[in-house]
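Undergrad: Sharing a sequence plus its predicted fold:
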Amino acid sequence: MHELSMVKAIIDALEELQDRNNWSSIRSVNLKVGSMRQVIPHILRFAFNASIERTSLAGAELIITPVPVEFSCRSCGGRWGEADLGYLCPHCGGKDVDMVQGMEMDIDSLEVEE
């Protein structure tokens, strides 16, 4: 269950932000999670809620925004996503591709109380 280690890192970052900015509480956390992270949202939410119970983050809501995979081709500039998932460009057949998004695990925004 790698979600628990992810939650630990998220909580550490949130507590650091809370201390540095002297917020009295964090009400909600908007987290962007790429689909290639292989995270199960309800398990991540459960682990988060269980881990914050007796901390300064108690009561904070975790909002998870999924980020689909998207690729781009260096040869033709074509872009494609999960519907055409693959490492060959569906536009030109090129092999020189980059994953543009899909591996994110970012705190996108917070609702805090000062």
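TA: Now that the structure is in, tell me what you want to look at.
Undergrad: Give the buried residues for stretch 104-114.
TA: Across stretch 104-114, burial judged by 16 or more other CB atoms under 10 Å covers 104, 110, 112. Where C-beta positions appear, they are placed from N, C-alpha and C, glycine not excepted.
Undergrad: Not counting sequence-adjacent ones, nearest residue to the residue located most distally from the centre of the chain?
TA: Here the chain reaches farthest from its C-alpha mean at residue 92, the gap being 30.8 Å by CA atoms, centre = their mean. In this structure, residue 92 finds its nearest non-sequential neighbour in residue 76, 4.2 Å apart by CB to CB, 6 or more residues apart in numbering.
Undergrad: Any idea how many residues pack against that neighbour?
TA: Neighbour count of residue 76, defined by other CB atoms under 10 Å: 13.
Undergrad: And residue 23, how far from residue 38?
TA: According to CB to CB, to the nearest Å, residue 23 and residue 38 sit 31 Å apart.
Undergrad: more crowded one of those two?
TA: With neighbours defined as other CB under 10 Å, residue 23 and residue 38 compare such that residue 23 has more, 16 against 9.
Undergrad: Backbone dihedrals for the more buried one, please?
TA: phi -80, psi 140 (degrees, to the nearest 10).
Undergrad: doesn't residue 112 make contact with it?
TA: Yes - using CB atoms under 8 Å, residue 23 is in contact with residue 112, at 4.4 Å.
Undergrad: Name the residues contacting each of the two.
TA: Shared contacts of residue 23 and residue 112 (CB atoms under 8 Å, 6 or more residues apart in numbering): none.
Undergrad: before we move on, back to that, which one of the buried residues of stretch 104-114 is nearest residue 16?
TA: Residue 16 lies nearest to residue 110 out of these, by CB to CB, at 12.3 Å.
Undergrad: What separation do you get for that closest one and residue 65?
TA: Remark: distance between residue 110 and residue 65 (CB to CB) = 13 Å.
Undergrad: now do residue 26
TA: From residue 26 across to residue 65, the span is 17 Å (CB to CB).
Undergrad: Neighbour count for these two, which is higher?
TA: Per other CB under 10 Å, whichever of residue 26 and residue 65 has more neighbours is residue 26, with 22 against 13.
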